[in-house]
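Undergrad: Give me a model of this one.
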Amino acid sequence: MSETVTLAKALTLGLRRALEDDPKVLVMGEDVGKLGGVFRVTDGLQKEFGESRVFDTPLAESGIVGTAVGLAMRGYRPVVEIQFDGFVFPAFDQIVSQVAKMHARSRGDVPMPVVIRIPYGGGIGAVEHHSESPEAYFAHTPGLRVVTPSTPADAYWMIQQAVRCADPVVFLEPKRRYWEKAPVDTGGSAPGPLFAGRVARPGRDVTLACYGPMVRTCLDAAAAAQQEGHDLEVLDLRSLSPLDLDLVTESVERTHRLVVVHEAPVFLGLGAEIAARVQECCFYALEAPVLRVGGYHAPYPPSRLEEHFLPDLDRVLDAVDRVLAH
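TA: Residues are numbered from 1 along each chain as shown. Just a heads-up that it's a prediction; the model follows:
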């Protein structure tokens with residue numbers, strides 16, 4: 001069955017399916033119950049599954065994640081919502097010290113099937129703590145899986161796969177894409193593995209590697225570049241830890257040029273790791289330096305300035321022009 005839905009609605013449908021399939025799945029967080037979440041992603045779930053499975057928590061992120069750790073140790077599969085990206089830091093100790101390490105600490109005896117949903121990124125006219133991109137913190141932490149969908153179809157399937165995963169998953173949701181619509185086939189099975197990237201647009205001249213909110217930006221850049229005779233390949237990484245590096249290296253060996261695009265600051269971001277790994281694996285295939293396009297190494301600005309802060313089509317195309325000039 002296929003229907004056209006927003007990315008937010010696709011997440012709702014995916015969570016509903018996960019709750020239906022496994023009675024051990026719980027959804028918890030600030031205002032996820034009666035209100036249905038700030039972005040209405042959990043709208044209607046409490047009414048359908050009851051307050052024992054979809055429930056509101058106090059405004060205490062450390063307590064939310066700590067409770068999820070205990071529930072996971074008792075055999076449940078909690079899905080916790082952190083209301084905004086910048087609110088995750090009170091729970092950072094729990095995530096990196098407990099969630100990420102419990103499985104290894106117990107020599108594999110205690111799985112930690114916790115999903116931590118975090119709306120992230122800018123572009124909605126919000127202030128600091130509501131528009132940040134903290135993915136590098138979690139991708140850097142061994143023991144955590146980090147994924148991010150960019151389309152409604154991926155959102156629907158990836159949230160279900162994350163819930164079924166035995167490892168803890170930080171599930172980053174690009175909030176500026178919540179309202180974008182696309183067809184979603186809710187029948188059958190997932191079209192691919194959770195920790196694999198995909199070719200969002202094939203091309204031959206330059207590889208654009210991106211994820212989450214920047215996939216749409218890079219697709220728009222590729223469409224604009226085509227008018228000038230440049231054929232850009234767009235890779236949607238989907239998984240940030242583990243990284244699907246085979247997908248990236250295979251593409252670079254064909255295009256010989258790479259631009260990595262993300263909203264987070266370029267300094268010590270995901271782009272730095274990807275650039276280093278591609279240089280190790282594809283040194284002799286590269287015909288230009290790997291370039292990165294991202295946020296600036298500065299605190300997130302007031303909302304009236306965010307469009308100058310966030311990577312846009314022009315900045316991506318400028319990087320493309322520079323790698324093609326070599």
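
Undergrad: Pairing partners for the top strand by length along the chain, with directions?
TA: In the chain, taking DSSP state E as the definition, the longest strand is strand 258-265. Sheet pairing of strand 258-265 (DSSP bridges) gives strand 206-210 (parallel), strand 291-295 (parallel).

Undergrad: which residues sit against the first one?
TA: Read that as strand 206-210. Contact partners of strand 206-210, identified using Cβ atoms under 8 Å, 6 or more residues apart in numbering, comprise 217-218, 221-222, 225, 230, 232-237, 248, 251-252, 255, 257-262, 274, 316, 320, 323-324. Yep, even glycine has a C-beta here, placed from its N, CA and C like the rest.

Undergrad: Name the next helix or strand following it along the chain.
TA: As assigned by DSSP states H and E, the chain's next helix or strand after strand 206-210 is helix 214-226.

Undergrad: Now residue 302: closest residue in space, sequence neighbours ignored.
TA: residue 127 (6.9 Å; Cβ to Cβ, 6 or more residues apart in numbering).

Undergrad: does the one you found count as helix, strand or coil?
TA: coil (DSSP: H, G, I helix; E, B strand; the rest coil).

Undergrad: my guess is it contacts residue 301, does it?
TA: No - judged on Cβ atoms under 8 Å, residue 127 makes no contact with residue 301 at a distance of 9.2 Å.

Undergrad: between those two, who's got more neighbours?
TA: Neighbour count, other Cβ atoms under 10 Å: between residue 127 and residue 301, residue 301 has more, with 18 against 13.

Undergrad: residue boundaries of the strands in the stretch 151-300 of the chain?
TA: Under the criterion DSSP state E, counting those that start in this stretch, the stretch 151-300 of the chain contains strands at 169-174, 181-185, 198-201, 206-210, 232-236, 239-241, 258-265, 291-295.

Undergrad: For my notes, please list those in a markdown table and give mean pLDDT for each entry.
TA: A markdown table is the format used below for those (pLDDT from 0 to 100):
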| stretch | mean pLDDT |
| --- | --- |
| strand 169-174 | 98 |
| strand 181-185 | 95 |
| strand 198-201 | 98 |
| strand 206-210 | 98 |
| strand 232-236 | 98 |
| strand 239-241 | 98 |
| strand 258-265 | 97 |
| strand 291-295 | 97 |
